[in-house]
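*Asks:* How does the following fold in three dimensions:
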Amino acid sequence: MATFLFEGKSIYYEVHGTGEPLVMLNGIMMSCPSWAEFIEPLSANRQLILFDFLDQGRSARMEEDYAQELQAEVVRALLDYLALEQVDLVGISYGGMVAQHFALKYQHRIRRLVLFNTTASTGHKVDDVFLSWNQAADDPNDYYLTTIPIVYSTDFYNENYSWMEFVRSRLLPVFEDESFMGGMKRLAKSICYVDLLDRIGTITVPTLVVSSGDDALLPPAEQEKIARRLPNSEYVVMPNCGHASMNEHPLLFTTLILGFISTTKTKFRIVSSK
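*Replies:* Residues are numbered from 1 along each chain as shown. As a prediction, this is how the structure comes out:
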């Protein structure tokens, strides 16, 4: 088990493969095992780096609330520890928010940036959604019903309901764990009241912003706001897909990442057919 210390707290990480470094930033309920199905394709020609944020997975639990910027400093500390000057950075949902915090301070350390299903400004509705998660945290079944159905598209949830019931059976014991739930509450709080929209225009690294057409948690309008403000961005919508895009369309999810970070050319000359 590989770990390093960040401000006295143990941070768990994994390195797979060799080549140019690719760092993945977890969504709020994720941890390193969440990427198991993606390790092979993402590390085939890359050095894939996974890690758990504070309050996630096998990393240390905090005792007090914190701002989301702290997780960006964990990213910086990991790159320093691994002696990586520059990386391709991919963040989904919570991880996409942390990626923007990181880019605002350390964009010279990013070669290419990919943001899935995220936001740059939570607003009252998103704040209240995540605060409702914490309100439901005392009852595992209430917590499941509050947090899990919303991250999947209606079609996927209905068509894969037997699998969703299996997921529920696996998650309910986890949601009974006080340490896990304490971390989830702090993670959810760190999402609230974030507004980076007026600042992210200074991020000039090549960026791919990806929406899911049926994302009920952070709908495409949230990613459109980001793409409009980033001066060097491309914007893509995954159709028939909910917030958990990596689970609903894993092949497309992987293809978008590898395609974007593997294309070294940034400017193309349009050749007329006439």
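
*Asks:* For the stretch 51-200 of the chain, which segments count as helices?
*Replies:* 69-81, 94-106, 123-135, 140-147, 154-159, 161-174, 178-191 (DSSP state H, counting those that start in this stretch).

*Asks:* which helices and strands does the last one pack with?
*Replies:* Put plainly, it is helix 178-191. In terms of contacts (3 or more C-beta pairs under 8 Å, 6 or more residues apart in numbering; DSSP states H and E), helix 178-191 is packed against helix 94-106, helix 123-135. Where you see a C-beta, it was placed from the backbone N, CA and C, and this is true even at glycine.

*Asks:* ok so, going back, just so I know, which of the helices of the stretch 51-200 of the chain lies nearest W35?
*Replies:* helix 94-106 (11.1 Å; C-beta to C-beta).

*Asks:* so the closest one versus helix 178-191, what angle?
*Replies:* 50 degrees (axes from the mean of the first three to the mean of the last three C-alpha atoms, to 10 degrees).

*Asks:* So for helix 94-106, mean pLDDT?
*Replies:* The average pLDDT within helix 94-106 is 98.

*Asks:* among the helices and strands packed on helix 178-191, which is the most enclosed?
*Replies:* helix 94-106 (a mean of 24; mean count of other C-beta atoms under 10 Å).

*Asks:* A helix includes L208, no?
*Replies:* No - using DSSP: H, G, I helix; E, B strand; the rest coil, the assignment for L208 is strand, not a helix.

*Asks:* And V205, which helix or strand is it part of?
*Replies:* For V205, there is no enclosing helix or strand under DSSP states H and E.

*Asks:* Nearest spatial neighbour of P41, chain-adjacent residues omitted?
*Replies:* Closest residue to P41 apart from its sequence neighbours, by C-beta to C-beta, 6 or more residues apart in numbering: T254 at 5.1 Å.

*Asks:* Show me what the helix or strand harbouring that neighbour is packed up against.
*Replies:* In the assignment (DSSP H and E), T254 maps to helix 250-262. Using 3+ C-beta pairs under 8 Å, 6+ apart, the elements in contact with helix 250-262 are helix 39-43, strand 87-92, strand 110-116, strand 207-212, strand 233-238, helix 245-248.

*Asks:* So what touches that helix?
*Replies:* 22, 37-38, 41-42, 45-46, 88, 90, 111-112, 114, 116, 206, 208, 210, 234, 236, 238, 245-246 (C-beta atoms under 8 Å, 6 or more residues apart in numbering).

*Asks:* Out of the residues you listed, which end up buried?
*Replies:* The neighbour-count test (16 or more other C-beta atoms under 10 Å) marks 22, 38, 41-42, 46, 88, 90, 111-112, 114, 116, 206, 208, 210, 238, 245-246 as buried among the contacts of helix 250-262.

*Asks:* Counting neighbours, what do you get for S162?
*Replies:* 8 (other C-beta atoms under 10 Å).

*Asks:* Next, work out how far apart it and S34 are.
*Replies:* 21 Å (C-beta to C-beta, to the nearest Å).

*Asks:* Need the per-residue pLDDT for the closest residue to F175 other than its chain neighbours.
*Replies:* Closest residue to F175 apart from its sequence neighbours, by C-beta to C-beta, 6+ apart: P140 at 3.7 Å. Reading off the confidence values, P140 has pLDDT 97.

*Asks:* shift numbering so it begins at 889
*Replies:* Fine by me, first position is 889 from now on; the one you just mentioned is P1028.

*Asks:* okay but I899 is in contact with A890, surely?
*Replies:* No - assessed by C-beta atoms under 8 Å, I899 is found out of contact with A890, at 9.4 Å.

*Asks:* So those two - more neighbours on which side?
*Replies:* I899 (24 against 12).

*Asks:* tell me the centre residue of this structure?
*Replies:* I980 (2.3 Å; C-alpha atoms, centre = their mean).

*Asks:* Just give the nearest non-adjacent residue to it, would you?
*Replies:* For I980, the spatially nearest residue (C-beta to C-beta, 6+ apart) is F1004, at 4.2 Å.

*Asks:* residues in contact with that neighbour?
*Replies:* V978, G979, I980, S981, G984, V1098, S1133, M1134, F1141.
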